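[1] Fold the stuff below for me.
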Amino acid sequence: MRQRLLALLAALVLAAALVVARRWGPAPGEDAPQERWLVRLEPPASPAELLGDGRLTKRRALRAHVPSTLSWTLRVPPAARLETHLAFARRTQEELVGVTCAVRVEIRPEDGTTRVLVERAVEPHLGWEPYRADLSDWADEEAVLSLDVDCASRPGKRTWSDAVRWSVPVVSGRRPPGLPNVLLVTIDTLRADHLGAYGYERETSPQMDALARRGLLFRNAETVQSATWPALTTLHTSLYPSAHGVVWNGHELPGGVPTLAELLHSRGYSTSAFVTNMKRARHRGFARLSASTAGEQAADDREAALAAIEQMREDRDRPFFVWVHLISPHADYAPPPPWDRAFTAAGEGSVSGSIEELVRRRLEGRPLSRTERAHVVGLYDGEVAFVDELVGRLLGALASLGLEGSTLVVLTSDHGEDLYEHNDYPFHSPSMYASSLRVPLIVAFPGVLPEGEATDHPASLVDLAPTILGLVELPVPSSFQGTNLLPGRALPAESARTQLFSETNGRIHGLSAGGFRLVLNPGGETPGAPGGAYPIAAEELYDTAEDPGERRNLAPHRPELVASLSAQIAEWKARRLRGELPPQTIDPETLEDLRALGYVVD
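    Numbering: from 1, shown residues only. You can find the predicted model right below:
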């Protein structure tokens, strides 16, 4: 009976042939563009899912049985090529040891003759395997495209239910004019003031400095929260953490919130993400999501950078949005050679840069000496220099592929790092100070933006999605709370914003404006942090021009200014933030990932 049922399911998949293909198009409610250069062969009934190959690489994909044939009817664009990928489900990989499998890709054009485009054996345990074919001989013809997979077992044949995943097949023609590529590079825990382009005396960042020389640098850019998941979710949604609901690491973005990747995907972009932190988030809108699993931060980052380069090579003939998030500056501070000794001196190394040791010293109330702190900062700088080399590889690949002139590059960070500037604390969350809130922001777009300029205009991570959409001349959703920093694809004479808001845990809020920073903690909460509490007063006011280290609290002496800035925070909260956020639970696997990074305070 079970075999009959599985055979019936396979037959139903066969019956799904001749599905109408979905061409790329605009967001709902917008006028459709006339050019039809890309066809995505979406599933007929339910939407495609982000499915994996057992190696933490996921793609927007369709489920299928073995054996099965999936078919679509489409009109082939001029100069078209087909691309799809096949992977076997993890459980099926074990079942198919020793079984021979084969894949066949066919096209039946208007003359009714079936042509085999690809036919080859496939090994189920290899993960995602690409299948590509040239369709240019059938330009402007209506054709049936079929994907077939079959496995012959010994001694006979059988059916495997839900055994394979086909990435959504894409048929793309000539690249349309006016759609630039987007390369977004976010570097975890990267302080702006530890880059040469921002005045740092150490040579930590020659590659990022070179990017600044051919782009526009924002001197006064800040994150919205000193934690990765809230900050990066804000970057992709243009909503503040207490508006999108991800107020802590491990929380998930609720449904119905448009993301930058979804918007670019709807306009025909190939969307791919390569992340070495925030690996278990869903990251909606990406057709490919790769979470590096080499085991060590440096190895993960190398793997992510190389995979991103290969993706840009694959997508060089169509517009792409590639996001690369590199973790290396995050503790543990353990740069690989030769960066492990680049900025440390002999005799400084009595303390390591491990999270475990730094947390233990803080728990035991044994502050690091000046020499030990210098050693930790030297290790951190080594991490920055290492990740800078990877940024150089990414930018060098753009140049070697001939894509530098047609690619918008945005480089920033999710947050900074205290490095013992406040509360004897080396890390970031829940800091509300410039040490962990200030981030680098460099935007390079050849032929569009000025080269080698720097601006003091305030900028926030909440502004990046609308700014990117503006630069590629696509509409901005009304749900976005950020501001296009470069309206008309140019730096305006007056800054697009004057206030930089921040928060932590949805209960403590901050504002940087007019040369002052105000932090409000009305509930008197003492946030927990690795190694002990992180005290924040009910009101803290700093003159950031006279006191850039934010060490002298002026709140008791400037009540009028505190009241004025408090009113601005209250107005922002009423206009932008949600009152009560629904509780969220974190799954055990994500919790262990967060614990390894020092985010879980037991």
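[2] pretty sure His265 belongs to a strand, no?
    No: counting by DSSP: H, G, I helix; E, B strand; the rest coil, His265 is not part of a strand but helix.
[3] I'd like to know how far it sits from Arg284.
    9 Å (C-beta to C-beta, to the nearest Å). Quick note: C-beta positions are derived from backbone N, CA and C, even for glycine.
[4] Could you do Ala133 as well?
    The separation that Ala133 has from Arg284, given C-beta to C-beta, amounts to 29 Å.
[5] Averaged pLDDT, stretch 177-194. What do you get?
    In this model, stretch 177-194 has a mean pLDDT of 96.
[6] quick one: terminal-to-terminal distance for it?
    39 Å (C-alpha to C-alpha, to the nearest Å).
[7] same deal with stretch 261-274?
    Note: stretch 261-274 ends 13 Å apart using C-alpha to C-alpha.
[8] What lies in contact with it?
    The contact list for stretch 261-274, computed with C-beta atoms under 8 Å, 6 or more residues apart in numbering, reads 24-27, 37-38, 170, 176, 179, 182, 236, 283-290, 292, 304-305, 307-308, 311, 315, 318-325, 469, 472, 474, 477.
[9] If any of those are buried, put those into a PyMOL selection.
    Filtering the contacts of stretch 261-274 down to the buried ones (16 or more other C-beta atoms under 10 Å) takes a single PyMOL command:
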select buried, resi 24+25+37+38+170+179+182+236+283+284+285+286+287+288+289+290+292+304+305+307+308+311+315+318+319+320+321+322+323+324+325+469+472+474+477
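[10] Show only the entries of the contacts of stretch 261-274 found in helices.
    His236, Ala304, Ala305, Ala307, Ala308, Gln311, Leu469 (DSSP state H).
[11] confidence score at the third one?
    On pLDDT, Ala305 comes in at 97.
[12] just checking, it touches Leu394?
    Yes: Ala305 is within contact range of Leu394, at 5.9 Å (criterion: C-beta atoms under 8 Å).
[13] Now do the shared contacts for the two.
    Joint contacts of Ala305 and Leu394 (C-beta under 8 Å, 6+ apart) are Val324.
[14] okay, the ones in helices among the contacts of stretch 261-274 in CSV with distance to Thr57 next?
    Output for the ones in helices among the contacts of stretch 261-274, formatted as CSV (distance: C-beta to C-beta, whole Å):
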residue, distance to Thr57
His236, 20
Ala304, 11
Ala305, 15
Ala307, 8
Ala308, 12
Gln311, 11
Leu469, 27
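[15] from those residues, which single one is nearest Val118?
    Comparing the ones in helices among the contacts of stretch 261-274 against Val118 with C-beta to C-beta picks out Gln311 as the nearest, at 20.8 Å.
[16] Let me see the contact set for the closest one.
    Ser270, Ser272, Phe274, Arg288, Phe320, Val322.
[17] what about the third one, neighbour count?
    Summarising burial for Phe274: neighbours were counted as other C-beta atoms under 10 Å, giving 28.
[18] need the helix or strand of the chain with the lowest average pLDDT.
    strand 19-20 (a mean of 38; mean pLDDT, DSSP states H and E).
[19] Ala45 and Trp72, how far apart?
    From Ala45 to Trp72 the distance is 13 Å (C-beta to C-beta).
[20] which of those two has more neighbours?
    Neighbour comparison, Ala45 and Trp72: the larger count goes to Trp72, with 24 against 7 (by other C-beta under 10 Å).
[21] roughly how far apart are the residue nearest to Ala533 when sequence neighbours are not counted and Pro556?
    Of all residues not flanking Ala533 in the chain, Thr526 sits nearest, at 4.8 Å (C-beta to C-beta, 6 or more residues apart in numbering). For Thr526, the distance to Pro556 equals 19 Å [C-beta to C-beta].
[22] The two: which has the busier surroundings?
    Thr526 (14 against 10).
[23] Make sure that one is indeed in a strand.
    No: Thr526 is assigned coil when assessed by three-state DSSP, not a strand.
[24] who touches it in this structure?
    Ala533, Tyr534, Pro535, Ile536.
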